[in-house]
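Student: Model the structure of this input:
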Amino acid sequence: MVLVVTGESDLRGLAAALLDALGYRALEAEDAPSALLVLKEAADVDLLITDVVFAHPMSAGDLAREARTIFPDLAVLYTSSDSDEAVRQVERLEDGAELIGRPCRTGDLARRVRAILDARKP
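Tutor: Okay, here's the model as predicted:
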């Protein structure tokens, strides 16, 4: 299962629809607090796809850390339309953080999601 978190409702819906079409079950949340509520109610989530920057005071890094208290093996893919700022933000978040710029091609997102999920398998 994949949780898509972005304040842009059109983008969130499009990403969730694409993930569903690729065979993943996609959940949606508009911000970090609502994402944490979704995670607490979910049976299992394998991947969190989230904006690097939120309008809410809770940062993407805070969201990832809190989410991993619920699902310790959760993979995280950060997204941003501002690649320079995103790189600076992600470098501060964690070692090995994954980042994909927006807009991105459907095939690029599909390959990145598959690679991240495959890397999680023992």
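
Student: Any regions of the protein where pLDDT drops low?
Tutor: 56, 82-97, 121-122 (pLDDT under 70).

Student: Assign a three-state SS to the spatially most central residue of it, would you?
Tutor: Centre of the chain computed as the mean C-alpha position; nearest residue by C-alpha atoms, centre = their mean is residue 49, 1.0 Å away. Here residue 49 is recorded as strand under DSSP: H, G, I helix; E, B strand; the rest coil.

Student: how about it, what does it touch?
Tutor: By C-beta atoms under 8 Å, 6 or more residues apart in numbering, the residues touching residue 49 are 2-5, 15, 76-77, 79, 113. In this view, the C-beta of every residue, glycine as well, is placed from N, C-alpha and C.

Student: What about these, which are in strands?
Tutor: Residues of the contacts of residue 49 located in strands (DSSP state E): 2-5, 76-77, 79.

Student: now the helices for this structure?
Tutor: In the chain, the segments counted as helices under DSSP state H are 9-21, 32-41, 60-70, 83-93, 106-120.

Student: how about those helices in a markdown table, adding distance to residue 53 and mean neighbour count?
Tutor: Shown next, in a markdown table, are the helices of the chain (distance: least, C-beta to C-beta, whole Å; neighbours: other C-beta atoms under 10 Å):
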| stretch | distance to residue 53 | mean neighbour count |
| --- | --- | --- |
| helix 9-21 | 14 | 15 |
| helix 32-41 | 11 | 16 |
| helix 60-70 | 7 | 17 |
| helix 83-93 | 7 | 14 |
| helix 106-120 | 19 | 14 |
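
Student: who wins for proximity to residue 100 among the ones you listed?
Tutor: Closest approach to residue 100 among these is made by helix 106-120 (5.5 Å; C-beta to C-beta).
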